[in-house]
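Engineer: pasted the sequence and its predicted model underneath.
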Amino acid sequence: MSDNCKCDEHVQHKSRRKVLKSLAAGIGLIALPGREASASVWEEFFQKHFRELSKEELKQVITRLEKKYSQQFGKQVNVKATPPIEGVKYGYGLDLSRCIGCRRCVYACVGENNQSRDPQIHWIRVMQLDKEKGVDLSHAEHYYNPATVPEKGHFYMPVQCQQCEKPPCTKVCPVQATWKENDGIVVIDYNWCIGCRYCMAACPYGARHFNWGKPGLPAKDVNTNTHYLGNRPRPKGVVEKCTFCIQRTREQPGRYPACEEICPVGARKFGNLLDPESEIRYLIENKRVFIFKEDLNTQPKFFYFYAT
Amino acid sequence: MKNIWHFFTGTLMLVSKGSKAYYGWVLVLLTLMAIGAAAYFQQMNEGLIVTNMRDQVSWGFYISNFTFLVGVAAAAVLLVIPAYVYHWKPIKEIAVLGELLAVSAIVMCLLFVTADLGHPERFWHLIPKIGRLNFPQSLLAWDVVVLNTYLILNLTIAVYILYSLYYKRTPNKSFTTPLLLLSIPSAISIHTVTAFLYNGLGARPFWNSSILVPRFLASAFCSGPAFMIIIFFLVRKYTKFRIDDKAIQKVAELIAYAMFVNLLLLGAELFKEYYTASAHLAPVQYLFQGLHGHSALVPWIWTAMVFNITAFFLFLVPDTRRNNVTLMIACILVFVGVYIEKGMGLVIPGFIPDVLHEIYEYSPTGVELLVSVGIWATGLFVFTMLLRVAIPILNGDFHVADDGVGSYIGDQLFLVQQEPEDMAKRDDSGDEYAD
């Protein structure tokens, strides 16, 4: 008897889902041109939160996205969802005595991470500061533009996501669209973000950026090696941020973040905070290190230091 | 069930009837709503880039209006307390109007937040179980909960009372009293939570001050009741509804106290910032004096200061409070003053200078203004419709007909200037039955 019931329930459930599905498809058909396109629009609308997707569902989502991006840009775009590596917590070091303020990191980041070129979105902001005044932001020059850098009497301070251990941004998100992964990287599910920008108000580092308009990303500039939580092309109306190049650093063997790789003076250091032999650990233990806005207790994993 | 349906069709019939002034007013509102909708459509197509908000100032005019209107909504409690806790009759007769104002204000709040979203179609992510509401961590999640609770509470109370009166029944006290009592902490909560939303951000020193909540509440108890008094005057002038002068005077007196507390707290804040003169002074300087040559808000905030202080004295001095002309002026001054102070004056300096001390000056674009006008028109439309039904019911001009099915509509016109000598004869005018 009870077995029968279960069976009935199952059938009912299935048929209800079918009805819902065909209903959704039907509405889609009316509202939008092209049967296939509309089906994927509805799939995207009803997509679950990234962390609730089963392996199978994740695979479907990735296939759908790869197809969409490949069509959009006319070349094969790969989307990964590589999980964190066990025993790894990423840390970043930035040598203020070496940085010359050339902004190569800014543009390497844009190229690597598929940021919008028009309107421009930069995940790294370099400030020009007066040597006399030290790290006093009220004198910061954000849009310095001399023929050559560094300029006399100044030093330069690049700021990007500090990958806080206690991120104020994830705490405030009303829908849990942003969170800290086990390797310490703060990520965003662009398909879940509702675009309320509360995280931007909460971030003390100006690290979060909003797609105010439709991102302008020319097909020739697209980096086709992407991660779901990182540099895949974004829609308008969502927030994005630095992920320590999650599409590079989570690979095995991993690659350095694009900003680290491009730096012409070796001011940028990157490594595993849990590995006592790593360069980043050496720097923290042996150099004069400070973290930005320490008083807010956000506990950044981004360490500024003076090597000389 | 059938009764509800008859009530509903009756109200539809009622709102379709009115004077020329009524039709004109509704037409104006509908036009503004259509214009706002068109502007919003453009924003949906092109993205929020049609606004002047940018990464540096990531919230602007929409959220400023939202914040102000939460205050207006919360203020209904100033009528509920004397009416239902102290059973003060002159206010009890008009408390329902306060609840209807709260409903309309919350509708505007929800619309303003929605207009500010990058992906409004993903609103379902906020629904617990179906989506992933980040409760209790996110204060915005709290706001979603308390605003909706407050909306449902006020709507339930007001509709239930009006529905009962329509069917000539006495509203059941054991149903309304608990809800009314619950609406008091609920009103406090919507404004507290909205203040906490800003208050809890260490990144923004301008908001990260513990007197933000009391400041919010004090200013809410100015702007909301001031709007109420303006409405009372209009209702008295253009409908048959009688409002006791005593009620208006009591509300005006409460505004005087609230404005005193509001100014005191503002003074405390300014003292702390200017005397300490730390790096956290910058946003206050931007607001009141201008910073590095940027001073878009300075004339506005000083206007607000002059308005609020002038209004305070107009409310405080008995002669000006009892004079209807000066009282009306005071109400308008308070409403505008608090609109500036608790709207743009509160939200924008949180972002200027930004967290890396960059100054990006913000002022709303045409699209932002049109969308906002559309939302205000929507709120006023909702309020007009609610009053169109509520006032005849309270007057006994709209109730179930003798056959128990149709409705009696005594007040065909609504919004007609009332002549004092007409008042007495008014009772037996209009005798039309409709089903």
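Structural biologist: All right, it came through fine.

Engineer: for the residue lying closest to residue B:3 once chain neighbours are set aside, give its distance to residue B:94.
Structural biologist: Leaving aside its sequence neighbours, residue B:3 sits nearest to residue B:167 (CB to CB, 6 or more residues apart in numbering or on different chains; 6.7 Å). Heads up, the C-betas are built off the backbone N, CA and C, glycines and all. Applying CB to CB, to the nearest Å, the value for residue B:167 to residue B:94 is 21 Å.

Engineer: got it, and residue B:107?
Structural biologist: 21 Å.

Engineer: likewise residue A:196?
Structural biologist: According to CB to CB, residue A:196 and residue B:94 sit 36 Å apart.

Engineer: next one: residue A:249
Structural biologist: Relative to residue B:94, and taking CB to CB, residue A:249 is found at 65 Å.

Engineer: not counting sequence-adjacent ones, nearest residue to residue A:189?
Structural biologist: residue A:50 (4.2 Å).

Engineer: how about that neighbour, what does it touch?
Structural biologist: With contact set as CB atoms under 8 Å, 6 or more residues apart in numbering or on different chains, residue A:50 has these partners: A:58, A:189, A:191, A:192, A:228, A:229.

Engineer: what are the phi and psi angles of it?
Structural biologist: When read as degrees, to the nearest 10, the backbone of residue A:50 gives phi -50, psi -40.

Engineer: coming back round to it: neighbour-wise, which of residue A:196 and residue B:94 wins?
Structural biologist: Using other CB atoms under 10 Å in any protein chain shown as the criterion, residue A:196 and residue B:94 rank with residue A:196 on top: 26 against 22.

Engineer: can I assume the more buried one is in contact with residue B:138?
Structural biologist: No: assessed by CB atoms under 8 Å, residue A:196 is found out of contact with residue B:138, at 9.7 Å.

Engineer: which residues of chain B score low on pLDDT?
Structural biologist: In the predicted model of chain B, residues B:419-435 satisfy pLDDT under 70.

Engineer: whichever residue of chain B sits closest to chain A: neighbouring residues, count only.
Structural biologist: Minimum separation of chain B from chain A (CB to the nearest CB) falls at residue B:118, amounting to 1.9 Å. Residues lying near residue B:118 (other CB under 10 Å) number 20.

Engineer: who's in contact with it?
Structural biologist: Counted by CB under 8 Å, 6+ apart, residue B:118 has contacts A:193-197, A:210-211, A:236-239, B:47-48.

Engineer: repeat that for 10 Å
Structural biologist: Listed by CB atoms under 10 Å, 6 or more residues apart in numbering or on different chains, the contact set of residue B:118 reads A:193-197, A:210-212, A:235-239, B:47-48.

Engineer: just the ones of those in helices?
Structural biologist: Among the contacts of residue B:118, DSSP state H puts none in helices.

Engineer: around chain A, which positions in the stretch 301-435 of chain B sit nearby?
Structural biologist: B:347, B:350, B:351, B:353, B:354, B:355, B:356, B:357, B:358, B:359, B:360 (CB under 10 Å from any CB of the partner chain).

Engineer: wait, residue B:274 sits on residue B:268?
Structural biologist: No: with contact taken as CB atoms under 10 Å, residue B:274 and residue B:268 are classed as non-touching, separated by 11.3 Å.

Engineer: end-to-end on stretch A:184-193?
Structural biologist: Taking CA to CA, to the nearest Å, stretch A:184-193 runs 20 Å from one end to the other.

Engineer: what about it, average pLDDT?
Structural biologist: Stretch A:184-193 carries an average pLDDT of 98.

Engineer: just checking, what packs against the top helix by length along chain B?
Structural biologist: Criterion DSSP H: the longest helix present in chain B is helix B:245-276. Counting contacts by 3 or more CB pairs under 10 Å, 6 or more residues apart in numbering or on different chains; DSSP states H and E, helix B:245-276 packs against helix B:77-80, helix B:89-92, helix B:212-238, helix B:282-288, helix B:298-316, helix B:318-322, helix B:324-341.

Engineer: please enumerate the strands of the stretch 151-300 of chain A.
Structural biologist: Using DSSP state E, counting those that start in this stretch, the strands found in the stretch 151-300 of chain A span residues A:154-159, A:178-180, A:186-188, A:209-210, A:225-227, A:239-240, A:268-272, A:288-290.

Engineer: to residue B:417, which of the ones you listed lies closest?
Structural biologist: strand A:209-210 (49.8 Å; CB to CB).

Engineer: contacting residues around the closest one?
Structural biologist: Residues outside strand A:209-210 that contact it (CB under 10 Å, 6+ apart) are A:115-116, A:120-123, A:125, A:161, A:193, A:195, A:197, A:199-200, A:234, A:236-242, B:47-49, B:53-55, B:58, B:118.

Engineer: show me where chain A has helices.
Structural biologist: With DSSP H as the definition, chain A shows helices at residue ranges A:2-31, A:35-45, A:55-73, A:104-113, A:168-172, A:198-202, A:246-249, A:258-262, A:279-286.

Engineer: and for residue B:13, the neighbour number?
Structural biologist: 15.

Engineer: my guess is it contacts residue B:401. True?
Structural biologist: No: counting by CB under 10 Å, residue B:401 is not a contact partner of residue B:13; they are 11.5 Å apart.
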